[in-house]
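Trainee: pasting the structure only:
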């Protein structure tokens, strides 16, 4: 309650110079810039939007991924292989938690949104389906089934779980 009283009192002195008021710490221009940035950050978060520029985020993520990619390229060149010829990276590149975003996945088979109880799974052909759809198609966890989008076969107990942070 004390903080709210201070903020309300601050409004009475907003037309004066900050140094001439008992609320100089609340009326300083740098403080208002911080508040405006925090407000924008919180508003973007509530709307599910990114606060930072997508281009800036992409450049920063690329900068984080560059050292492991350069190391991989050097190792592949020593073994007589070409990284540019690969259709898929042979290793997973970790870029850090600051580049992990909440994703929403809707299963193309059931049209249901994925949840913690019905997580998305990656098939060997790189198609993604929710676990319940996979189990309906396969009829059991150990039975081989065919991907509904291509002729590749898979087993439900051999699929890779895709983790989307903060999915409820």
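Mentor: Cool, the structure landed. Here the structure is a predicted model, which is why all the values come from computation and not from measurement.
Trainee: hang on, residue 108 packs against residue 123?
Mentor: No. Counting by C-beta atoms under 8 Å, residue 108 does not reach residue 123; the two are 11.6 Å apart. C-beta coordinates here come from the backbone N, C-alpha and C atoms, glycine included.
Trainee: find residues that contact each of these two.
Mentor: Between them, residue 108 and residue 123 share these contacting residues under C-beta atoms under 8 Å, 6 or more residues apart in numbering: residue 129.
Trainee: so which of the two has more stuff around it?
Mentor: The residue with more neighbours, out of residue 108 and residue 123 and counting by other C-beta atoms under 10 Å, is residue 123; that gives 21 against 13.
Trainee: contacting residues around residue 40?
Mentor: So residue 40 contacts residue 51 (C-beta under 8 Å, 6+ apart).
Trainee: one more: the one 5 residues further on?
Mentor: Each residue near residue 45 by C-beta under 8 Å, 6+ apart is listed here: residue 51.
Trainee: just the pLDDT at it, thanks.
Mentor: Looking at residue 45, its pLDDT reads 77.
Trainee: would you say it is within a helix?
Mentor: Yes. Membership of residue 45 in a helix is supported by DSSP: H, G, I helix; E, B strand; the rest coil.
Trainee: how much space separates it from residue 52?
Mentor: Distance from residue 45 to residue 52, counting by C-beta to C-beta, to the nearest Å: 12 Å.
Trainee: what's the offset of the lowest-mean-pLDDT helix or strand in the chain from the middle of its chain?
Mentor: Sorting the helices and strands of the chain by mean pLDDT, DSSP states H and E puts helix 24-27 at the bottom, at a mean of 76. Here helix 24-27 is found 36 Å from its chain centre; the criterion is C-alpha atoms, centre = their mean, to the nearest Å.
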